[in-house]
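Chemist: for reference, the sequence and a predicted model appear below.
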Amino acid sequence: MALPIDLMRQQHRNTRRLPLVRWCTALAALWMSGCTTVYVAELPGAEGLPLGDTPGALLPAYRLQPGDDLDVKFAYTSELNESQKIRPDGFITLQLIDDVKAAGLTPLELDADLTQRLSAKVKNPTLSVIVRSFAGHRAYVGGEVGTPQVVPLDGGITALQAIQRAGGQRAAAQMESVILIRKGPEGQPMPYRLNLTEDALAEGKPDTRVALMPSDVIYLPRTRVANANRFVQQYITDLLLLRGVNFGFNVNQEHLKD
């Protein structure tokens, strides 16, 4: 029996809506998984990470970030001295050599690069790169804390101290499975699992003394996390899109592994 024209049109509209409904349902499920029940798979612990009482000389060298203020000073040609702020694209612009990539380099590496570039233009280009202010010298604390927020790393602080600055942990926080997300050599997010329970603190475990580095992200989950790589990628993306927190992580599908 043939269907009435109006009924056929209604069925067609419902069929077109179905993919959108499924997409919205999937998006809602992803959002809920990031905000409530999250799993954490086996992750590296604190072994090998710099601790809060590690001498400064043994800590990783600071890598320049967009927004850092630099002084480039020349020993014998002071007329070339410049003050620069690293642009959002990671470059600075100098008088004689135009754009130079600065973000991601240490001050010494930028010094060497500038010296090489200027050697054909300036006689004896002896120079120094001085960081006047550190835009990237901060971390983010989120998840089951009082007030998720960006925390300045003034004076050097541990993960536990950063959590206290963010209002402390909530009752639901799983302190034995706190996630530390640190930037890898190519900017990729690298997750670690920290045990920050009261027992761990009483025993003096290294996890409780991990020193935060610029652009670190601390996340307190409600439950342990499975498929950590995918969760971390999604969380870093959400920080940028929903909270405007951009630490320059290299987030791409290549790093999403089940």
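Modeler: Noted; the coordinates are in hand.

Chemist: check what pLDDT the nearest residue to Ala135 once chain neighbours are set aside gets.
Modeler: Leaving out its chain neighbours, the residue that sits closest to Ala135 by Cβ to Cβ, 6 or more residues apart in numbering is Gly67, at 2.8 Å. (Glycine included, C-beta is placed from N, CA and C.) Note for Gly67: predicted pLDDT of 85.

Chemist: likewise for Ile92?
Modeler: For Ile92, pLDDT reads 96.

Chemist: what of the one 3 residues further on?
Modeler: Per-residue confidence at Gln95 stands at 87 (pLDDT).

Chemist: ok, the residue nearest to Ala135 to Gln149 distance?
Modeler: Computed as Cβ to Cβ, to the nearest Å, the Gly67 to Gln149 distance reads 18 Å.

Chemist: so for the two, which residue has more residues nearby?
Modeler: Neighbour count, other Cβ atoms under 10 Å: between Gly67 and Gln149, Gln149 has more, with 17 against 14.

Chemist: if I pick the more buried one, what's in contact with it?
Modeler: 140-141, 165-166 (Cβ atoms under 8 Å, 6 or more residues apart in numbering).

Chemist: that one pairs with what?
Modeler: Val141 (DSSP bridges).

Chemist: from Ile179, how far off is it?
Modeler: The gap separating Gln149 from Ile179 is 17 Å, by Cβ to Cβ.

Chemist: please apply the same query to Val131.
Modeler: Per Cβ to Cβ, Val131 is found 29 Å from Ile179.

Chemist: likewise Ala159?
Modeler: The gap separating Ala159 from Ile179 is 10 Å, by Cβ to Cβ.

Chemist: tell me which two of the contacts of Gln149 sit farthest apart.
Modeler: With Cβ to Cβ as the measure, no two of the contacts of Gln149 lie farther apart than Tyr140 and Arg165, at 11.3 Å.

Chemist: give me the common contacts of these two.
Modeler: 149, 151.

Chemist: higher neighbour count, these two?
Modeler: Tyr140 (21 against 17).

Chemist: mind listing what that one touches?
Modeler: Neighbours of Tyr140 in contact, by Cβ under 8 Å, 6+ apart: 148-151, 216-218, 239, 245, 247.

Chemist: how about low-confidence regions in this structure?
Modeler: Scanning the chain for pLDDT under 70 picks out the ranges 1-60, 136, 155, 225-228, 240, 242, 244, 251-258.
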